[in-house]
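> Sequence first, predicted coordinates after that:
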Amino acid sequence: MILELSGLHASYGATRVLHGIDFKMEEKSITTLLGANGAGKTTTLRAICGMVRTEGEIRFGGQKLGNRKTEDIARLGIAHVPDGRGTFLHLTTEENLRLGAYARKDRANVARDLAKMYEYFPRLKERSQQQAGTLSGGEQQMLAVSRALMLAPKLMLLDEPSFGLAPLVVRELFGILRTINAEERVSMLVVEQNAAMALDLADHACVIETGRVVLSGTAAELKKDDAVRRSYLGY
Amino acid sequence: MDALLHQVLAGLATGGIYASLALALVMIYQATHLVNFAQGEMAMFTTYIAWSLIEAGMPYWAAFILTVLTAFMLGVLIERLIIRPVGQAPVLAVVVVFIALLLILNSVTGWIYTYTIKTFPSPFPAQPLFGNRYLSSHELGAIGITLVVLLLLYAFFRFTPLGLAMRAAAQNPESSRLVGIRVGWMLALGWGLAAAIGSIGGMMVAPIVYLDPNMMSGVLLYAFAAALVGGIDNPMGAVIGGFLVGVLENVLGAFVIGNELKLSVALVIIIGVLLVRPSGFFGRVQVSRV
């Protein structure tokens, strides 16, 4: 198991958002978290990265994360593609990518991985010396994904990678995510509003409602589930 | 014409000193979005350290390097012990802390070294360099040192991973943590660098204005003006602003308003920039959706 959450509670100030999340994620798998707005999907990702106050247990590769700081969790090999993409707007595309590799010990492989990112996303190569703030939404999302990959992570957390992108761009991006999952053997936890696309991408899925996991299983099972179909797939 | 040229060049020399202090202000502004009112007193305090070292018989350049290192550590300590705890406090609370720091450093220096004015040596020869008629060798040396500091800083921020991480931490702390940057330490490092740059400015200005605990009050005003002219968030702008303010101050002081009213040049520039072009000449214009 790459990631195990048990009895995870999280709150913003006095408002409790997660009420005991339990789920496990297999190594090298793509798992998706589905749920309505405000169900606690983003908060779950933020909790894993130590960005909100939590109770309960998070284990990463068997190791307890406890109350580690965000930067230390990143150094363990968890890369987070945050909602809003987290682009360093005033730095160039290439500087954004280099920052992704900032915490890596194996400096020698950074140049090779940079070249690999440009292979996955040729558009980023064209824009490598451009200020990242001038990139389009889709390009910035590609940049966010590649910045996260530059960490050479074991686990990638993606918060609504399809947000604000044209359907064609989403399809391209999800295709590349699948390739990356297979080639780099990175586990991915994907939060998505677009349930149909997410279930196509993922091996496993969890449905979160008001801060609890109410349903989980393989993506194929959930696609057939009546409740999921009615609430999230809309037919 | 000759007199004008002389004033312009002398202005460039003091401008270099304003530039280094303005640069220190900009560095802390970029990281915290606050103007460090204690920047001048930090520079003054470290200049006294240099004075002590030189009085104790240390060669000038050894004292210079040791002072810069001490200033760096002092800056890091101030951030860790004093600024960090008020990190989440409202803006005005932090400003009060800056002003307290200014008064404390000023009084402590006065208490240790007394308020008697002292002379501070220049590392450069008394004879003008290269036989020129316009600039004393200290003025020329001060310009040179400012330029070297600038070049080193530019290379550090542009070409090293640590410099890149510092820029990232100042821009987007949350994303920086997500890639594993220790943002807290980057801020401390920024304070250390700012204090180190300030100490160089202090040691360069002390031979001109003499050493006393209030030596920086005027200089800091010019540095504020310089930082604002350049755009408070632009290091390159701050430097250009520094030279510009130095020249303006000197030329206006010599030919237009006289030496007594020189300091008002800085105030007029500050108010003028804020009224006409708040983002300065090179600053980023702040736009926000409402």
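Right, received. Where do you want to start?
> where's whichever residue of the stretch 1-150 of chain B sits closest to chain A relative to residue B:234, distance?
Closest to chain A within the stretch 1-150 of chain B is residue B:30: 10.6 Å, counting by C-beta to the nearest C-beta. Where C-beta positions appear, they are placed from N, C-alpha and C, glycine not excepted. Remark: distance between residue B:30 and residue B:234 (C-beta to C-beta, to the nearest Å) = 9 Å.
> what are the phi and psi values for the most centrally placed residue in chain A?
The C-alpha lying nearest the average C-alpha coordinate of chain A belongs to residue A:158 (C-alpha atoms, centre = their mean; 1.6 Å). Phi and psi for residue A:158, reported as degrees, to the nearest 10, are phi -120, psi 120.
> likewise residue B:21?
Taking degrees, to the nearest 10 as the convention, residue B:21 sits at phi -70, psi -40.
> The closest residue to it other than its chain neighbours: which element?
Closest residue to residue B:21 apart from its sequence neighbours, by C-beta to C-beta, 6 or more residues apart in numbering or on different chains: residue B:223 at 3.7 Å. Assigned by DSSP states H and E, residue B:223 belongs to helix B:216-230.
> same question, residue B:203
With DSSP H and E as the test, residue B:203 turns up in helix B:183-209.
> how far does that helix sit from the chain's center?
Distance of helix B:183-209 from the chain centroid (C-alpha atoms, centre = their mean, to the nearest Å) equals 7 Å.
> Just the angle for that helix relative to helix B:216-230, thanks.
With axes from the mean of the first three to the mean of the last three C-alpha atoms, to 10 degrees applied, the angle from helix B:183-209 to helix B:216-230 works out at 120 degrees.
> Summarise which helices and strands helix B:183-209 is packed against.
Applying 3 or more C-beta pairs under 8 Å, 6 or more residues apart in numbering or on different chains; DSSP states H and E, we find helix B:183-209 packed against helix B:2-32, helix B:39-55, helix B:60-78, helix B:137-159, helix B:161-171, helix B:173-178, helix B:216-230.
> Out of these, which is closest to residue A:41?
Closest approach to residue A:41 among the helices and strands packed on helix B:183-209 is made by helix B:173-178 (17.2 Å; C-beta to C-beta).
> Could you give the number of residues near residue B:94?
Neighbour count for residue B:94, taken as other C-beta atoms under 10 Å in any protein chain shown: 18.
> Residue B:240 now?
Neighbour tally, residue B:240, other C-beta under 10 Å: 20.
> what's the helix or strand for it?
Going by DSSP H and E, residue B:240 is part of helix B:235-255.
> Off-centre distance for stretch A:16-27?
Per C-alpha atoms, centre = their mean, the centroid offset for stretch A:16-27 relative to its chain is 15 Å.
> Could you pull up phi and psi at the residue in chain B positioned nearest to chain A?
Residue nearest to chain A within chain B: residue B:180 (2.8 Å; C-beta to the nearest C-beta). In terms of degrees, to the nearest 10, the main-chain angles of residue B:180 are phi 90, psi 10.
> what about chain A, any weak spots by pLDDT?
A:235 (pLDDT under 70).
> tell me the helices in it, going along the chain?
Assigned by DSSP state H, chain A shows helices spanning A:41-48, A:70-76, A:93-100, A:110-120, A:122-126, A:137-149, A:167-184, A:195-201, A:219-224, A:226-228.
> which of the residues in the helix holding residue B:223 are buried?
Within helix B:216-230, the residues scored as buried using 16 or more other C-beta atoms under 10 Å in any protein chain shown are B:216, B:218-230.
> Just name the closest of the residues you listed to residue B:25, please.
Distances from residue B:25 to the buried residues of helix B:216-230, taken by C-beta to C-beta, are shortest for residue B:227, at 4.8 Å.
> Do I have it right that that closest one meets residue B:26?
Yes. Applying C-beta atoms under 8 Å, one finds residue B:227 in contact with residue B:26, separated by 5.5 Å.
> Would you mind grabbing the residues shared as contacts by those two?
Shared contacts of residue B:227 and residue B:26 (C-beta atoms under 8 Å, 6 or more residues apart in numbering or on different chains): residue B:238.
> and the residue of chain A nearest chain B?
Taking C-beta to the nearest C-beta, chain A has residue A:103 as its residue nearest chain B, at 2.8 Å.
> so what's that residue up against?
A:71, A:74-75, A:151, B:179-181.
> Up against chain B, what does chain A have?
A:49, A:51, A:69-72, A:74-75, A:79-80, A:82, A:86-91, A:95, A:98-100, A:102-103, A:147, A:151 (C-beta under 8 Å from any C-beta of the partner chain).
> Counting neighbours, which of those residues end up buried?
By 16+ other C-beta under 10 Å, those give A:49, A:51, A:70-71, A:74-75, A:79-80, A:82, A:86-91, A:95, A:98-100, A:102-103, A:147, A:151 as buried.
> how close does residue B:101 get to residue B:94?
10 Å.
> which residues do the two both contact?
Between them, residue B:101 and residue B:94 share no contacting residue, judged by C-beta under 8 Å, 6+ apart.
> tally of neighbours for the nearest residue to residue A:100 once chain neighbours are set aside?
Using C-beta to C-beta, 6+ apart and skipping the chain neighbours, the partner closest in space to residue A:100 is residue A:150 (3.1 Å). By other C-beta under 10 Å, the residues close to residue A:150 number 24.
> pretty sure residue A:150 is in contact with residue A:95, am I right?
No. With contact defined as C-beta under 8 Å, residue A:150 does not reach residue A:95; the gap is 11.4 Å.
> that older thread, got the angle between the helix holding residue B:203 and helix B:235-255?
Relative orientation of helix B:183-209 versus helix B:235-255 (the same axes, to 10 degrees): 20 degrees.
> Number of residues surrounding residue 73?
Just so you know, I chose chain A. Residue A:73 has 22 nearby residues by other C-beta under 10 Å.
> Chain B was what I was after
Residues near residue B:73, counting by other C-beta under 10 Å, number 12.
> ok, the residue lying closest to residue B:186 once chain neighbours are set aside - contacts?
Nearest non-adjacent residue to residue B:186, counting by C-beta to C-beta, 6+ apart: residue B:169, 3.8 Å away. By C-beta under 8 Å, 6+ apart, residue B:169 lies in contact with B:31, B:176, B:181, B:183, B:186-187.
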